[in-house]
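> any chance you could fold what I've pasted below:
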Amino acid sequence: MPSRLSVPTVIYDLPDLPSLLLSAHTRSLVITVVPVPMQGSDRDATTSHDLSNPYRTSNLLAAGTITLSTSPNRSPRDLSQAEDGWSYFRAELVIPLLTNAEDEALCRRLEFLIRTEFLVAHCTFGQSQNHLYVRIYLIPFDLAGVQGKLRVRDEAKVMRPARQALRAVLPKIMRDRNTWYAEDMGLPSGSQTPFFNQDADNRSLAELYSDLPSPRIHVPSDDHARPLIQHVLSGGDIEGLCSKLYPYQRETVAAMLQKELQPLDIPNPLYIPLSGLDGSVFYFQPATMELLKDHPMVSQDRGGILCEELGTGKTVMCLALILATVDQLPEPESSYHDQVQYVRKKMSGGTADSSPASGLSIPTLAETLLHYIRVHPDGLHLRHYEDSDELANHWIPLELNNPFYYENNTIPKLHARRNSSDPGPRVVYLTSATLVVVPSNLLGQWSSEIQKHCDPSLRVLIVQPQQQLPRARHLASYYDIILLNHDSFAKEASKADTHKLHSWRMCSCPLYQDTRIPDCSCDIVPDVSPLLQLRWKRLVVDEGHIHGNDKTRISLVAQLLTIERRWLVSGTPTTNLLGLSFGSHSELLDDNSLELQYPSEGDLSQVSSAALDQDSRLSEADEQVARVWTSRDRDNLQKLKKMVTYFLKVLQFATVPTLFDTHVIQPLFGASGPQPGAIQILEQVMQSVMIRHQIRDVEKDIVLPPLRHETILLDMHPLAAISYNALQAAIAINAVDSERVDQDYLFHSSNAARLQQLVENISQLMFWHVDENLFNVEELCQSSLSMVEKATERGVSSLDLKLIKDAIRHITFAATNSVWCWVQKHPFPDIPFTITDMPTAIFNTWSEMPLTSCHINPISSGLMFPSRIAKLRAIVAAHPLISAENLVEQGVSFIEEEKRLFLVLMERAERAKKQAKSKHHEGDQREVLKATDTARHSEAPAAAVEPLAQPMADLSLSDGSSQRRAFMLASPLAKVHIGNSASVKLDYLLNEVLQHSKTEKFLIFSKSPLTLAHVADGLNLVHVKFLQYTTKVPLQQREQLVITFETSETYRVFLMELKHGSRGLNLVSASRVIFCEPVWQADVEAQAIKRAHRIGQTRPISVKTLAIRNTAEEVMMTRRSELKDQAQSEKQNANVTDDFQMRNFIANPKFIEEESLTRGPESVRLDIPFLGIPPESAPPPTASEVPISVEQDSRAATATSDNAVAGPSRLEEMQVLPLAEDRAEDASPKKKRRMVRFMDE
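Residues are numbered from 1 along each chain as shown. A predicted model of the protein is given here:
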């Protein structure tokens, strides 16, 4: 018998095998089919015309050509001919012909990729023989006929060097049909299209987010969810929803329904399509350089991130989704195996025979229907029959008959034995309920939204803080929505030991009456949260960006729950994904046209111009150079990864948690910018999990009222300017003394915490800030001569020498200014107000202001603190005929009591500080007391003026109470007026409130509780009711405050701490928003504005940001305008001190000189009758009649006479005279009247 090698071998194409087998049979030949016998050039030469060869070019991706420059009149020999008529590329034969040394490395990479079967290369010369054209065919990893060997290759020896070679080769491939056919007259190299486009894709994460397409719904005609989705899209009523959805909201709900009810396979977002020159499309993974012929698919997840624009109605969208699927049950969680038989066998042992109902071998019709109803409740509308008498006897059995399944946390083994290693299964109850987790401050708002939008038949459990959750079976059967806050949800982490739920114990609970249904209590496990005993249909987390941190207890609990559908709801999923465009088209002004007034001379304008020029050059360069992603980008992507991987549990990422890092994040952070295709991959991943509409599509359905955003630049009050200059002097002295190096320098990297505290102090000072140590001016004054001598000896520059002399001049002026020192040392750090026309004896007692030249007359004017003004008013209101002498005595007693109170509060604060072990507390302890003592600054001042309220109301011009009016006019304080305060920002705020609060409500934001306390003092003085929403207000009260503000006509102003009031709240009753200081982070500012500028708002919105001219606040607003575009928003640093321009301005202190404190167009004049009695005929005092001056002590007359600071006499041509108002708690809003009078009337 001949050997196998001697048998003739014929190679045929596979489709011809049936006929060939017959012919081979008749000729007694052996036919061998060879799919790919060889590799490399030998393989190509042998199989060049073999139709059965899987490597033939029709199976590969025709990528393009690489053009190599060669020496003329030289051609390679021994090149085998390929199937397309060209020659097989062999590097050893081509390299000697090259004229460019760089091409040699390219040829060696090509040879390696050919040998390792990543590509096929054919080559030929052009007509001129000056160029060698190399056709590149890429080999897909899923090539048919190679038994999958291309998917399994050695990582170290093949894959890693191949990826490096491909990253070098692919950008060289050009898609040009002229060069594909070796025509020398092709397009110039600069005009050719690269196969793998490496043009800089400079889109930021925020731009990708903004450009996400609006949802488009395509439901297959045979899909079971089609009727419901089409019903929602067509505008049909959703049962239980009382509100009508806008078209874009219907599209969003339909998209959410499609993801939940139609979890089809979708294209894998980690691959991008690549087209060949022949029109074929392959799929490429840039991180791994994997090429596939077939489009890879992945399972769609039944949830995602609802990130519609802020203010577009995400809450009602979620409620519509819940109502549309209210009775649907989730499917049991997929397991390793079907455990029914396994569990049944384990638990068998004669127990069933002992059951009282064991004789009922066939279930009754009622039992069969109860079972069906509980397992298939969707579409039965059972809640319509709750009051039916016929079904009354069946409700309890129905509720007790909870659907459940067994879950085991171990994989069963063949011939498994019952032993300690197998704890048994646990019972998991199926529930149609949706678990909704919201921030603490939104619990009340969600409750209100449910009441407003949903039918009362919706069963809702609102879990209040500290409230215990019902048992698992009750949660599963009694409710459609379980609403709880983040804190309550997080507390369940302490009861997360699910091992206690696993047991082989069989239920032995008694049956309910004569049914087969047990009245079971097995679900009561004290140490395990009932949330972990249920298979939830859906989890909705409002403000879901918190899941960007997988270490929070909320995230840990969410990962432990078994949930079919998971939704995160957030308009700002990460820091820079703003989602703030809704209503942007309605803005009357954008930030580039805000009413900013820049200084016309000085260093500030030069710095700003230089910065603008630098940014302009950088922008031009950015068009050509790839944008390098920053560490902040990486932080945001890590947050997105944690949402997708650990909360949403997207299958391909949850299965391999590192996949998001290796395939999405790392390719974006190349040294020269993102790798080709990396941006597109990120975009596809975002599209696969996020649902949001583009703003133009939202505004087709609804347009918000116009929004006007202004920046109000104000000149600092002289007293505040002294403090500001003292702080600037300390910065200047530190810079010169430390020579701006090493750790002594405030701006050294090791002093980040101190620098941040400095910035906070500067920001607070722009509103009002005092220091119990007088900003160290006395200590600095004592060492001033030595500082100058030391600087001179070191030979500092003339600019530094001038800087330190200017600093000494300003601290000397501060130290010798008696009024400024008096204000700094006052027991409580309040903002003093100007008082005019008060009898000198009363003023001197109640004010204690140092005597100045204006106090020599019987009638005095000067500064007084608001707590004393309130007390003095209350005394006169209660005793209108009290004499001046008695008022003086009352003042002495009050001040002594005030000082005793101060000592008690300071002692209490010191004890609290020691208990908190605060070792590095920075700042004035008095200011800490003021910010935290909510009662003192909200309830106490209000209580102090309540006795004044009714008497003042009695003095209304229309009430006819002439006798009491006469009594009040006889008071020594009848002609006294309250004028401006020492804070220009507070003056502006009070003026705005007095002008507009009768018809509009205000939101006043500040990041500082101390600033809000100062505003509260001012509002109390002008008798305007307000509410405070700060950290120190208990959580339960905060929720009620929102409802009160939205429903009450009494409270006109809402003071909101920025970190608590900038997210989630719906406050559309307000139409005026004021920021007490510029907000550096654009997303935080816009979030705050969206509390009022959202769906439901009917009034135009006015937004004003207060800033002090010629300071860091003005520079910040300028810088914010430069970074307004979303393309640049990623460049905005998280902290002000991280921004180069801001840091540079703060590090180079500039003083505010007296001559720069001119009256600006935004200055206001407050003129408030002390007792609320407007004069009948006499006009109020003019500016010249208000002799208030802040004079320096005579000790400074010789040293700093040239630098005296003018008093607070800069007054606007407007005055606001509020009539007396009834401020009692039960006062009717109809009694409130306010008169605005102008000087020219």
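> the domain parsing of this structure - what is it?
Following automatic domain parsing, one gets these domains for the chain: 40-194, 322-336+364-383+390-410+421-569, 716-822, 823-1126+1156-1238.
> would you single out the least confident of those domains?
Lowest mean pLDDT within those: domain 823-1126+1156-1238, a mean of 73.
> tell me the contacts of I1152?
I1152 makes contacts with 716, 721, 724-725, 1110-1111, as judged by C-beta atoms under 8 Å, 6 or more residues apart in numbering. C-beta here means a position set from N, CA and C on the backbone, and glycine is covered the same way.
> with respect to L501, which of those residues is nearest?
Nearest to L501 among these, counting by C-beta to C-beta, is T1111 at 61.3 Å.
> hang on, that closest one packs against Y724?
Yes: applying C-beta atoms under 8 Å as the test, T1111 and Y724 come out as touching, 7.3 Å apart.
> overlap in contacts, these two.
Residues within reach of T1111 and of Y724 at once, by C-beta under 8 Å, 6+ apart, are 716, 762, 766, 1152.
> quick one, phi/psi of the closest residue to K1090 other than its chain neighbours?
Using C-beta to C-beta, 6 or more residues apart in numbering and skipping residues adjacent in sequence, the residue nearest K1090 is L310, 4.1 Å away. Main-chain dihedrals, L310, degrees, to the nearest 10: phi -60, psi 140.
> burial check on L310, number of neighbours?
25 (other C-beta atoms under 10 Å).
> in contact with the closest residue to M1056 other than its chain neighbours: list those residues for me.
Leaving out its chain neighbours, the residue that sits closest to M1056 by C-beta to C-beta, 6+ apart is Y1029, at 4.6 Å. When contacts are counted by C-beta under 8 Å, 6+ apart, Y1029 touches 1038, 1041-1042, 1054-1057, 1060-1061.
> which among those gets closest to K802?
Using C-beta to C-beta, the contacts of Y1029 come closest to K802 at E1057, 41.3 Å.
> now do that closest one against Q1028, distance only.
Computed with C-beta to C-beta, to the nearest Å, the distance linking E1057 and Q1028 is 8 Å.
> who touches both of the two?
L1012.
> could I get the CA-only coordinates of the helix or strand hosting Q230 as CSV?
In the assignment (DSSP states H and E), Q230 maps to helix 226-233. What follows is helix 226-233, C-alpha atoms only, in CSV (Å, rounded to 0.1, in the frame of the first residue of the first chain):
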residue,chain,number,x,y,z
ARG,A,226,-44.3,48.0,21.0
PRO,A,227,-47.9,48.8,22.0
LEU,A,228,-46.9,50.5,25.3
ILE,A,229,-44.0,52.4,23.7
GLN,A,230,-46.1,53.6,20.8
HIS,A,231,-48.8,54.6,23.2
VAL,A,232,-46.4,56.8,25.2
LEU,A,233,-44.9,58.3,22.0
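> can you mark which positions in that helix are buried?
Residues 228-229, 231-233 are the ones in helix 226-233 that count as buried (16 or more other C-beta atoms under 10 Å).
> with stretch 999-1012 instead?
1000-1012.
> pLDDT below threshold where in the stretch 151-300 of the chain?
184-191, 198-200 (pLDDT under 70).
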